[in-house]
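# What follows is a predicted structure for the sequence shown.
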Amino acid sequence: MAGKQKISYFYDPDVGNFYYGQGHPMKPHRVRMTHNLLLHYGIYKEMELFRPALASAEDMTQFHSDEYVEFLRLITPDNQHEHMRQLKRFNCAEDCPVFDGLFNFCQIYTGGSVGGAVRLNHKQTDTVVNWAGGLHHAKKNEASGFCYINDIVLAILELLKAHQRVLYIDIDIHHGDGVEEAFYTTDRVMTVSFHKFGEYFPGTGHLQDVGQHKGKYYSVNVPLKDGIDDESYNLLFKPIMAKVMEMYAPDAVVFQSGADSLTGDRLGCFNLSIRGHAECLKYMTTFQVPLLVLGGGGYTIRNVARCWTYETGCLLGHELEDKMPTNDYSEYFGPTHTLQIQPSNMENQNTPEYLEGVRNRILENLSKIPPKPSVPFHDVPPDAFTEDQMEVKEDPDEVGGGAEANAARRANPDSIYPDEGDVDDKPSRRDHAATAFSDGDTDGDKHKAGAKEEPGETFGEEAVSVPGSGGGADVVTAKEEAEGTFELGEAAVARAPDDETPAAAAAEDAIDAIAAPLGAAMELDGTAGEEAGVVSLLPPRSPAGPSIMANDHGDER
């Protein structure tokens, strides 16, 4: 991959029209703001621009259950009140509301990630960018943490058609639980997550959660505390990722660049600058491995747009001018109108001793990885999308410039202009649980089994089966208290109880289908009888874990 890198950029102008609801922190409009900045900085001209093909329900069921995808396809704000049991079963409530165009939204962001993977598989590009993607919490059979379809898992499954080993890196402040859970029992995918840990959504990501069966030591969790700054973050990130690249030698990398780890994020508690955040992405480009770059979290949306614009510039080898060009959303970026932001003076609770303990344990685990696994390939399944389905955008100015912004303002003015709390001053740090979307249930309550449901509940004219327990036969229930905790320096770790993970089983089945026939290369480690379904140690989940909005510093109303 010598010479100038070829970058493909996926964007659909409709993505900014979707609206989770009044006061909800997740605002797809941030992707439109990012795109508009890229246009006005002029750097879009150096990339191939694509409008993604829409992912189909069949594409989504490569990982997700048929009944869950069908639910997403048919549910609307108008009919949701007729299907309260299914809303509960599939966890579509406070964090994950039903809104207009929900399934189309999933099709768009998933299509960009999977379509990008197809281009990487065919060596048509070196790097793919899809800022609308990166929704890492979605599970096989339920929504979670603002995420409905796990585009990352689906993109990785696509990459595995042409790449023996795929590395997933997650720098969102929240643990990348949905992706880790899907690949917890395989060595074909290594997951590495840097995240806030301790009384924080989703309650997973212990230091000792390292994977199981063939996947043991292929899940890497870096638990962090409040206030981590650029220097401390990179003291962990660079040595850990250098060791990962040395030991695992991936053929492709998926990088989730969640911007809620930035200073001043509405739901976050880290203290990274935009340059510090981007340094992680820049470091990974030095390894010259095919790269799929995705968005993720990020709830102070003016800073999300700043961050992803700057990081796009970094991928193109540019240090963008700090003074922003006049753009269609300049009102968001006042009064400074600068690209960079200043970290706050919050305390960094990550002591040198703590960081050293975490780093040493992870490096020790990585040293136990055997030489890179070899996977013979034979019959490779067809691409999820053909090239004809991905539309090349010839004139992005016309599609995504001022005309797009003006149309959006006319269609939904309340969601376009900056709300209170989204001006350039830092959001208020009121310490309260979000109430706009809560009727008193915690995230843990939503996972408890026990609410009896009647089978044969219908959806329009199509029946959707509902098992007897509230969580459903394919839903991972909330975990019991972690067993046998011990201290490593200041880092608390915990052992998880034995359990089954349908997500891991689904991903394992998909991997088997992609690589078959592989013989012993893909056999499970374990006793006879486990071949029918992967038995896994699930990362522990808090029985009454906090909602992702429990750390909301203030509504943008």
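Received the coordinates, thanks. Numbers count the residues shown, from 1 in each chain.
# and the longest strand for the chain?
strand 189-196 (DSSP state E).
# The helix or strand just after it: partners in the sheet, and parallel or antiparallel?
The C-terminal neighbour of strand 189-196 among helices and strands, as given by DSSP states H and E, is strand 219-224. Strand pairing for strand 219-224, determined by DSSP bridges: strand 189-196 (parallel).
# Distance check, the residue nearest the centre of the chain against His40.
Nearest residue to the geometric centre of the chain (CA atoms, centre = their mean): His136, 2.8 Å. His136 sits 29 Å away from His40, going by CB to CB, to the nearest Å. (Glycine included, C-beta is placed from N, CA and C.)
# what does His137 give?
Look at His137 and His40: by CB to CB, they are 32 Å apart.
# and if you look at Ser113?
Here Ser113 is placed at a distance of 25 Å from His40 (CB to CB).
# cool, Thr286 as well?
Taking CB to CB, one finds Thr286 at 29 Å from His40.
# out of these two, which sits in the busier spot?
When Thr286 and His40 are compared for neighbours, His40 comes out ahead with 20 against 9, by other CB atoms under 10 Å.
# Show me what the helix or strand harbouring that one is packed up against.
Per DSSP H and E: His40 is located in helix 29-41. Here helix 29-41 touches helix 301-315, helix 396-400, helix 402-411, going by 3 or more CB pairs under 8 Å, 6 or more residues apart in numbering; DSSP states H and E.
# which of these has the lowest average pLDDT?
Here the helices and strands packed on helix 29-41 differ in mean pLDDT, and the lowest is helix 396-400 at a mean of 48.
# Could you look up the SS state of the closest residue to Gly205 other than its chain neighbours?
The shortest distance from Gly205 to any residue that is not its chain neighbour, by CB to CB, 6 or more residues apart in numbering, is 3.4 Å, and that residue is His175. Following DSSP: H, G, I helix; E, B strand; the rest coil, we place His175 in the coil state.
# gap between the residue lying closest to Val222 once chain neighbours are set aside and Ile301?
Nearest residue to Val222, sequence neighbours excluded (CB to CB, 6+ apart): Phe194, at 4.4 Å. Distance from Phe194 to Ile301, counting by CB to CB: 22 Å.
# mind saving the C-alpha coords of stretch 332-347 as CSV?
What follows is stretch 332-347, C-alpha atoms only, in CSV (Å, rounded to 0.1, in the frame of the first residue of the first chain):
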residue,chain,number,x,y,z
TYR,A,332,-23.2,25.9,16.2
PHE,A,333,-19.6,26.8,16.4
GLY,A,334,-19.7,30.3,17.8
PRO,A,335,-18.3,32.3,19.4
THR,A,336,-14.8,30.8,18.6
HIS,A,337,-15.5,29.2,15.2
THR,A,338,-12.4,27.1,15.6
LEU,A,339,-11.9,23.4,14.9
GLN,A,340,-10.0,22.6,18.1
ILE,A,341,-11.4,22.6,21.6
GLN,A,342,-9.6,23.1,24.9
PRO,A,343,-9.7,20.3,27.6
SER,A,344,-11.1,21.3,30.9
ASN,A,345,-9.3,21.3,34.3
MET,A,346,-11.2,18.2,35.6
GLU,A,347,-9.2,15.8,37.7
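# Give me the contacts around that stretch.
Stretch 332-347 is contacted by residues 33, 226-227, 229-230, 262-264, 269, 271-276, 301-303, 305-306, 309-310, 320-324, 330, 418, 422-424, 426 when judged by CB atoms under 8 Å, 6 or more residues apart in numbering.
# Which PyMOL command selects the buried ones in these?
Remark: buried members of those, expressed as a PyMOL selection using 16 or more other CB atoms under 10 Å:
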select buried, resi 33+226+227+229+230+262+263+264+269+271+272+273+274+275+276+301+302+303+305+306+309+310+320+324+418+422+423+426
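# buried residues in stretch 123-132?
The neighbour-count check on stretch 123-132 (16+ other CB under 10 Å) flags 125-132 as buried.
# Just the ones of the residues you listed in strands?
Among the buried residues of stretch 123-132, DSSP E puts 127-130 in strands.
# Look up the pLDDT of Pro546 for me, please.
Value for Pro546, per-residue pLDDT: 75.
# Give me the below-cutoff pLDDT ranges for the protein.
Residue ranges of the chain with pLDDT under 70: 1-3, 372-380, 387-501, 512-545, 554-557.
# go with 80
In the predicted model of the chain, residues 1-4, 371-382, 384-546, 550-551, 553-557 satisfy pLDDT under 80.
# residues of the helix or strand that contains Tyr233 that come out buried?
For Tyr233, the element it lies in under DSSP H and E is helix 230-248. By neighbour count with 16+ other CB under 10 Å, helix 230-248 contains the buried residues 230, 232-233, 235-237, 240-241, 243-245, 247-248.
# Any chance of CSV for those residues, columns distance to Glu82?
Formatted as CSV, the buried residues of helix 230-248 follow (distance: CB to CB, whole Å):
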residue, distance to Glu82
Asp230, 50
Ser232, 51
Tyr233, 47
Leu235, 53
Leu236, 49
Phe237, 48
Ile240, 49
Met241, 49
Lys243, 53
Val244, 48
Met245, 51
Met247, 52
Tyr248, 48
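# any idea which of the buried residues of stretch 123-132 is the one closest to Asp78?
Ala132 (25.3 Å; CB to CB).
# ok, the residue lying closest to the closest one once chain neighbours are set aside - how many residues close by?
Excluding the flanking residues, the one nearest Ala132 by CB to CB, 6+ apart is Tyr109, at 4.1 Å. By the measure other CB under 10 Å, the count of residues near Tyr109 is 29.
# cool, and His553?
Neighbours around His553, by other CB under 10 Å: 21.
# That one reaches Asp260, doesn't it?
No - look at His553 against Asp260 with CB atoms under 8 Å: they stay out of range, at 11.3 Å.
# what about Glu180, neighbour count?
For Glu180, using other CB under 10 Å, the count is 29.
# Tell me if I'm right that it and Met190 touch.
No - contact criterion CB under 8 Å: Glu180 and Met190 do not qualify, at 10.1 Å.
# shared neighbours, those two?
Common neighbours of Glu180 and Met190, using CB under 8 Å, 6+ apart, are Ser219.
# Phe113 and Gly296: what is the separation?
Not Phe; residue 113 is Ser. 11 Å.
# Identify the contacts common to those two.
With CB under 8 Å, 6+ apart as the test, Ser113 and Gly296 both reach Gly134.
# For Asn91, identify the helix or strand it belongs to.
Using DSSP H and E, Asn91 sits in no helix or strand.
# I figured it hits Glu142, correct?
Yes - Asn91 is within contact range of Glu142, at 4.1 Å (criterion: CB under 8 Å).
# The two: which is more packed in?
Looking at Asn91 and Glu142 with other CB under 10 Å, you find the greater number of neighbours at Glu142, namely 28 against 24.
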